[in-house]
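Asks: need the 3D shape of this:
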Amino acid sequence: MQSTTTAVASCVAPNPLLRPSSVVLGMLALSIGWGIRGNFGHEYGAMIAGALCAIAISLFCGREDWRSRVPYFAVFGAMGWGFGGSMSYMPTISYTHSGQLPTQLYGFFAVFCIGFLWASLGGAGTAFAAVEDRERLTAFFRPLCWILAFWALDYYFRADLVRWYEHAPVGEITRDFRQRNPFYWLDADWLGAWRTIVVICAFDLWDRRFEKWGSLAGFSAIGALAGFLIQRALAAVGWLTPLLHLIVHPQGDLSAINPATGHLFDPNDLVTNWPQVFTDLGPHMGWIVGLIAGAGIYFYRYGKWRSGSSLLMHLAVGGFAVFLVFPVLLSNLFLGVGGFRMVPPRGDNWATVLGVLLGFLLYAYRNGLAPAASAALISGVVGGLGFMFVQFLKILAFMPGNPRLTHDASVIQAWAHWHSANWHSILDEQGAGLFYGLGIVLAMAAVSARVKQPPAPEPRPRRWTEALSVVFIVNWLVYVNLVKNVAQWTTLRQGGYRAMPLSMKAPLIGAIQFSALGWFNFFFLLYTICVVALLFAHLHRRLALIPPSWLGKGQLLFLVFVWIMVIGNFERALVGFHEQRLATEGTIFVNALIATFLLLFCARASESAPWTAAPFGPLVRKVVVGGLAAMVILVCVYTGVVHGVYGDQSDGWSHNLRFGPNADWRVKPILKSIEHR
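Replies: Alright, predicted model coming up:
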């Protein structure tokens, strides 16, 4: 009888996340962050969108257990979206404009893949914060702190590592082009994956209080000896060189003519599918690989992977393994089409992100986190289809007055201002952000309806993790983005002026002089000390400014963070502002106002979220199968419409080709002697 009543109630009560205000807020939150990400770029910029959308969902879900996790929603939502920030996606967009039929078909398919990967991990991070057991969720911060500490070291000292490796004097600029960096590997963040693996292994060893640490030395020594002997044996029988020729290939077409010189490309000027550091260490690679293998066997046998470190290991190993297999090794079987690479000769972090997703799905399967895995797939499908749709709309928006379609000078002139708009920001960034947000909202609505709320408020172990989460958002995430503004403020602009001097003396004390970056860091350090001190005090005695309810706390966090980033984004653009920036900064500002109104006016302090015992399997199968079918159909439809309008010519925007004799990887490969594009 009780189950029947619950089922009826769940059918009658609307899902709070599906209310128009909730859907719009979630979409706007991610769109705002995605528009700002377009200016700041990469992983740190993408985190802005993930944090804002996750906060909005936790506040409008109608579940107090999720609202009480709002700091965790912000952190894991940000981290989920951050993974995709390393992917190169502009060439996939350019492919759809190309006019070359195979490239256009592939382009729309690749746009779907990029959108799917990005949104799926965003959904995974948001759902993980919602459904993971709170004890395990807060314990996860122990290894996470190790990762963040080494992350900071890498952020500040990676250039010093390169200088140390190259024996360059302090302050000297080493290899000027990034593809000449000894650690450059298909422009992918493989070092990030390896750093995570090493740090988590160190954490596990420390967490076990160095249990059986002597075995680590033994396994490593045996592995190093075995690797050394195998390399020497291969060299002795003459197999080492043929093996290297089998797995190492230049990334380009050796029969293609360099348009800049009229001659064949120099094979020694092309990068290969392996980093330079491996070549430099060639005679030592046998024992190095053996040592790593021996240590891996030790940790596989004795590792405990407690406190959530298992999740981090799944993500890192999955990311590196898929990158190694797909673009590195499998590319050798597809040399005629530029390798098993998405956008050659550009970066292949798509493979790393795919591996991270597969690692997360495997971890979720092993640890009873089906809701998080389901949210990842649902949000990925919606995000991929949405990204395709806005790209199709952008191409259609180029039609009126396009010189490729009309030679009437008056028509072209009449539409000139229309064509001058910042379409990439309007649709591919802020427009795509709307659909990404929709995917997260729909996925989390499904999770909310199928995961039962606890009957009583959850205990709050490790309250310090709540404060750390806030610091992560309003200090660390703000810093790694806004610090990029300093370069914009100090850039020498047309007319010979800088908006800010390169260095400045302290007021009244002429002996103290810092660079512009130094002053930024100084004042930001003071801000961080203030925030940390106040949060520490709040843990012992509630500050009056911080509301007692989790709804109020979440609203405060959202408003502080969104307006810091909106203002910081405007400050970045201000020194070179022109009317095209209104499409970015103006729209972001208006959307932030709307989001602020919705957040404060439409939030409901007390409401109930429906619950049903329906399984995830049938829903996920329908979404995935239906989404893939829709993707195949829409790839053909979108390409057919675009090709029908423009024919075999580009619409004027494209400069990238994936296939044919003029494919990018053939005529514009990455060369060591010129700047990386």
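Asks: C-alpha from now on. contacts and neighbour counts both.
Replies: OK.
Asks: with just CA atoms, put the strand of greatest length in the chain into CSV.
Replies: Ordering each strand of the chain by length in residues (DSSP state E) puts strand 509-515 first. Provided in CSV are the C-alpha atoms of strand 509-515 (Å, rounded to 0.1, in the frame of the first residue of the first chain):
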residue,chain,number,x,y,z
ILE,A,509,58.0,53.3,-0.5
GLY,A,510,60.0,53.6,-3.6
ALA,A,511,62.3,50.8,-2.7
ILE,A,512,59.6,48.3,-3.2
GLN,A,513,58.8,47.5,-6.8
PHE,A,514,56.8,44.6,-8.2
SER,A,515,55.8,43.6,-11.7
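Asks: in that strand, what counts as buried?
Replies: Residues of strand 509-515 classed as buried by neighbour count (16 or more other Cα atoms under 10 Å): residue 514.
Asks: that one pairs with which strands, and in what direction?
Replies: For strand 509-515, the pairing partners within the sheet under DSSP bridges are strand 503-506 (antiparallel).
Asks: got the contact list for the partner strand?
Replies: By Cα atoms under 8 Å, 6 or more residues apart in numbering, the surrounding residues in contact with strand 503-506 are 511, 512, 513, 514, 515, 516.
Asks: for the stretch 51-200 of the chain, what are the low-confidence residue spans?
Replies: For the stretch 51-200 of the chain, the stretches with pLDDT under 70 are 167-176.
Asks: cutoff 90 now
Replies: 84-86, 88-89, 148, 150-181, 189 (pLDDT under 90).
Asks: just the helices in it please.
Replies: Using DSSP state H, counting those that start in this stretch, the helices found in the stretch 51-200 of the chain span residues 64-67, 70-84, 90-96, 101-131, 134-139, 141-166, 190-207.
Asks: can you tell me which of these is nearest to residue 528?
Replies: Across the helices of the stretch 51-200 of the chain, residue 528 has its closest neighbour in helix 141-166 (15.3 Å, Cα to Cα).
Asks: quick check: residue 412 touching residue 402?
Replies: Yes - with contact defined as Cα atoms under 8 Å, residue 412 reaches residue 402; the gap is 6.5 Å.
Asks: before we move on, back to that, indicate which one of the helices of the stretch 51-200 of the chain is closest to residue 382.
Replies: Proximity to residue 382 (Cα to Cα) singles out helix 101-131 among the helices of the stretch 51-200 of the chain, at 7.5 Å.
Asks: residues in contact with the longest strand of the chain?
Replies: Residues outside strand 509-515 that contact it (Cα under 8 Å, 6+ apart): 502, 503, 504, 505, 506.
Asks: kindly recompute the last result at 10 Å.
Replies: The contact list for strand 509-515 (Cα atoms under 10 Å, 6 or more residues apart in numbering) reads 501, 502, 503, 504, 505, 506, 507, 519, 520, 521, 522.
Asks: ok, so of those residues, who is nearest residue 125?
Replies: The nearest member of these to residue 125, counting by Cα to Cα, is residue 521 at 29.9 Å.
Asks: number of residues surrounding that closest one?
Replies: Each residue near residue 521 was counted by other Cα atoms under 10 Å, and the total is 15.
Asks: for the helix or strand containing it, give the mean pLDDT please.
Replies: Per DSSP states H and E, residue 521 falls inside helix 516-540. Averaging pLDDT along helix 516-540 yields 96.
Asks: what angle separates it from strand 509-515?
Replies: 90 degrees (axes from the mean of the first three to the mean of the last three Cα atoms, to 10 degrees).
Asks: which other helices and strands contact helix 516-540?
Replies: Helix 516-540 is packed against helix 464-471, helix 478-482, helix 485-490, strand 503-506, strand 509-515, with contacts defined by 3 or more Cα pairs under 10 Å, 6 or more residues apart in numbering; DSSP states H and E.
Asks: CSV for the helices of the stretch 51-200 of the chain, including mean neighbour count and distance to residue 619?
Replies: As requested, the helices of the stretch 51-200 of the chain are exported to CSV (neighbours: other Cα atoms under 10 Å; distance: least, Cα to Cα, whole Å):
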stretch, mean neighbour count, distance to residue 619
helix 64-67, 23, 22
helix 70-84, 28, 22
helix 90-96, 24, 30
helix 101-131, 27, 16
helix 134-139, 17, 26
helix 141-166, 15, 32
helix 190-207, 18, 33
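Asks: of all these, which lies closest to residue 334?
Replies: Evaluated over the helices of the stretch 51-200 of the chain, closeness to residue 334 peaks at helix 101-131, with 15.9 Å, by Cα to Cα.
Asks: relative to helix 70-84, how tilted is the closest one?
Replies: Using the same axes, to 10 degrees: helix 101-131 against helix 70-84 is 160 degrees.
Asks: what part of this protein, helix or strand, is modelled with the least confidence?
Replies: helix 2-12 (a mean of 40; mean pLDDT, DSSP states H and E).
Asks: can you name the next helix or strand after that one?
Replies: Next helix or strand after helix 2-12 toward the C-terminus (DSSP H and E): helix 20-40.
Asks: what's the average pLDDT for that next one?
Replies: 95.
Asks: for it, buried residues please.
Replies: Buried residues in helix 20-40 (16+ other Cα under 10 Å): 21-40.
Asks: got phi/psi on residue 270?
Replies: Backbone geometry at residue 270, expressed as degrees, to the nearest 10, gives phi -90, psi 140.
Asks: and it, what is it in contact with?
Replies: Residue 270 neighbours (Cα under 10 Å, 6+ apart): 179, 249, 250, 251, 252, 253, 254, 669, 670, 671, 672, 673.
Asks: identify the residue nearest residue 377 in space, chain neighbours excluded?
Replies: residue 120 (5.7 Å; Cα to Cα, 6 or more residues apart in numbering).
Asks: that neighbour reaches residue 357, doesn't it?
Replies: Yes - using Cα atoms under 10 Å, residue 120 is in contact with residue 357, at 7.6 Å.
Asks: return every residue with contacts to both of those two.
Replies: Shared contacts of residue 120 and residue 357, defined by Cα under 10 Å, 6+ apart, comprise 80, 373, 376, 377.
Asks: so who does the last one touch?
Replies: Residue 377 sits next to 116-117, 119-121, 123-124, 357, 361, 383, 439, 443, 620-621, 623-624 when contact means Cα under 10 Å, 6+ apart.
Asks: shaky segments in the stretch 501-650 of the chain?
Replies: Scanning the stretch 501-650 of the chain for pLDDT under 90 picks out 508-510, 575-584, 604-614.
Asks: kindly recompute the last result at 50.
Replies: Within the stretch 501-650 of the chain, not a single segment meets pLDDT under 50.
Asks: kindly report the same for the stretch 251-400 of the chain.
Replies: Across the stretch 251-400 of the chain, nothing is flagged by pLDDT under 50.
Asks: now the helices for it?
Replies: Using DSSP H, counting those that start in this stretch, helices in the stretch 251-400 of the chain cover 276-280, 285-302, 309-323, 349-366, 370-397.
Asks: distance between the first one and the chain's centre?
Replies: Between the mean C-alpha location of helix 276-280 and the chain-wide mean there is a distance of 28 Å, by Cα atoms, centre = their mean, to the nearest Å.
Asks: tell me what that helix is packed against?
Replies: Counting contacts by 3+ Cα pairs under 10 Å, 6+ apart, helix 276-280 packs against helix 285-302.
Asks: okay, buried residues for the helix it packs on please.
Replies: 285-299, 302.
Asks: let me know the angle separating that helix from helix 190-207.
Replies: Between helix 285-302 and helix 190-207, the angle comes out at 50 degrees (the same axes, to 10 degrees).
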